[in-house]
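Colleague: Okay, sequence plus prediction incoming.
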Amino acid sequence: MAEERVSHRKWGIGAIKLTRHGRYELYVEFETGLRWVKIDEVVPLAEFLPPSVTESLADLIAPDTLEEFSHRRIIEALRMGVVPADSVESFTLGRENEAKQLSSWLLNDESGSGIILGEYGSGKSHFLNYAFSIALKKGFAVARVDLEPNGLPLHKPKRVYAKLINTLRYNSRGAIKGFRDFLRDVLDEKALLDHEYFRYVANGRDNENVWSWIEAAEALAKPLDRIPRSKDGPLPGLYDYAIAANIYCYILSSLSWAAKEVLKLKGILLLFDEAETVDNFTNTYQDSRAHNFLRALILTSANHPHLIRRPQRAGEYRYAGLEYSVSGIARGIPFIYRIPTSLKILFAFTPTKALESLSELCKIPRIALSEFPSYTQRKVIDRVREMYECAYSLQIDVDKLRGMMSPFSSDTPVRHCVKKCVEAMDLIRFGRDGIFH
């Protein structure tokens, strides 16, 4: 039976996987991952456009070949300043040295955390996308989070964890899969059955509320809906406290351990964009808790031996300088499940005081994104032009295009340059190049 597909104004098109509460809420797999949405937030894809409009639109834009369609899809993404995930490597130009550093760091078992360092507009987000693609090919499971002071701040570890789980991807026999398949594969091998949280998934993997709980899809520590009591007792809480870093480091470290030891992957790579927002708070408490989670992640990836101990009393982790949750079962949860964790973390930073204020950040390796030489901008323009010509089956006047792009200096952010390049070729295609600015 074909999956029912829907359209969401923010998340785009996705396939319905599960429903609950009398179909009031839908669990939809969008391109960015799985998430719960309310039924009134989506439109059935069949109703998104009337059939007559859909047919005429298809006649208008349908390409003659699959290659043409692929290039047109890329151009539409570039028009918005983004590169499709499956094309990021072909658009990573002028970063040969940085790419070599990344590959070397990924294969270095002695280095758990690293930093991508660059000014705004230098291409840090794009390079993280490149790291995501390369790490998948090298055998890592990969997850990414874009930190936001008001949406996904580091002083809210549960929210960060939820996003990482939502974006987790790994290669399983040539197919890219997500968190649920990952955990099912691990549990099928009888691993993590001693885990303080995942053992409940092993006993309730057919219960959607159990999955919603372990994915931190709800703000509540535990589901309100009735959960069948397992032999291990009621579900433990996944707390939203700022000091609950030990819970989420424990879970993430166990996943990375299982990736290496059970699924025979290289481990897990976590990517953090906009990491400089760690210092974007005027509240001293929020700053200190954000620093606490950041330090905990770094020390966990470094296999700090003290962090595998279960806290038994206040100040248990004074040596490591970390705070932790003492609520309920979390009172006895360490930061690390087993050593080695096989966890790697890459933070994207702009130069800020945070880089110098935390000693752990000063000690980890950095990949500095250098300024693009002028010839790189030309290479980018040529690459986009080639894609555009294939997408629309035409020949662009190269001299005219370069003349239109000449006002942009070599230090113009690449994203801005690409968007302007597509805009210029649109105007050339429609004979309106005289109004380009």
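Modeller: Happy to help now that I have it. Numbers count the residues shown, from 1 in each chain.

Colleague: pretty sure I367 is touching Q101, no?
Modeller: Yes. Between I367 and Q101 there is a contact at 4.8 Å, judged by C-beta atoms under 8 Å. To be clear about C-beta, it is placed using only N, CA and C from the backbone, and glycine gets the same treatment.

Colleague: Who has more neighbours out of those two?
Modeller: More crowded of I367 and Q101, by other C-beta atoms under 10 Å: I367, with 24 against 17.

Colleague: Got phi/psi on the more buried one?
Modeller: phi -110, psi 110 (degrees, to the nearest 10).

Colleague: can you check P149 too?
Modeller: According to degrees, to the nearest 10, P149 has phi -60, psi -40.

Colleague: Give me the neighbour count for D185.
Modeller: By other C-beta under 10 Å, 17 other residues sit near D185.

Colleague: Likewise for R23?
Modeller: R23 has 9 nearby residues by other C-beta under 10 Å.

Colleague: Quick check: which element contains it?
Modeller: Using DSSP states H and E, R23 is not contained in any helix or strand.

Colleague: That one reaches I39, doesn't it?
Modeller: Yes. At 6.3 Å, R23 and I39 qualify as touching, with contact defined as C-beta under 8 Å.

Colleague: Would you quantify the distance from G33 to A302?
Modeller: Distance check for G33 against A302: by C-beta to C-beta, to the nearest Å, it reads 28 Å.

Colleague: Check D426 too.
Modeller: 49 Å.

Colleague: same question, G112
Modeller: For G112 relative to A302 (C-beta to C-beta), the value is 5 Å.

Colleague: Looking at those two, which one has more neighbours?
Modeller: G112 (23 against 19).

Colleague: For L117, grab phi and psi.
Modeller: phi -120, psi 130.

Colleague: Thought F349 was touching it, still the case?
Modeller: Yes. Assessed by C-beta under 8 Å, L117 is found in contact with F349 at 5.4 Å.

Colleague: Tell me where the protein has strands.
Modeller: With strands called from DSSP state E, the chain shows them at 5-8, 12-20, 25-30, 33-38, 42-44, 113-117, 140-146, 170-172, 175-177, 267-273, 343-349, 366-368.

Colleague: counting contacts, what elements does the last one pack onto?
Modeller: Same thing as strand 366-368. Using 3 or more C-beta pairs under 8 Å, 6 or more residues apart in numbering; DSSP states H and E, the elements in contact with strand 366-368 are helix 96-106, strand 113-117.

Colleague: can you tell which of the strands of the chain is closest to Q377?
Modeller: Of all the strands of the chain, strand 366-368 sits nearest to Q377, with 19.4 Å by C-beta to C-beta.

Colleague: mind listing what the closest one pairs with, with the direction of each?
Modeller: strand 113-117 (parallel) (DSSP bridges).

Colleague: between the strand it pairs with and strand 267-273, what angle do the directions make?
Modeller: 30 degrees (axes from the mean of the first three to the mean of the last three C-alpha atoms, to 10 degrees).

Colleague: Outside of strand 113-117 itself, list whatever touches it.
Modeller: 105, 124, 127-128, 131, 275, 297-298, 301-302, 344-351, 355, 360-361, 364-369 (C-beta atoms under 8 Å, 6 or more residues apart in numbering).

Colleague: Out of these, which end up buried?
Modeller: 105, 124, 127-128, 131, 275, 297-298, 301-302, 344-350, 355, 360-361, 364, 367, 369 (16 or more other C-beta atoms under 10 Å).

Colleague: tell me the most buried of the helices and strands packed on strand 366-368?
Modeller: strand 113-117 (a mean of 22; mean count of other C-beta atoms under 10 Å).

Colleague: what mean pLDDT does that one have?
Modeller: Averaged over strand 113-117, pLDDT sits at 93.

Colleague: Show me the shaky parts of the stretch 1-150 of the chain.
Modeller: Residues of the stretch 1-150 of the chain meeting the criterion pLDDT under 70: 1-3, 9, 21-22, 24, 31-32, 45-67, 80-81, 84-87, 89-91, 93-94.
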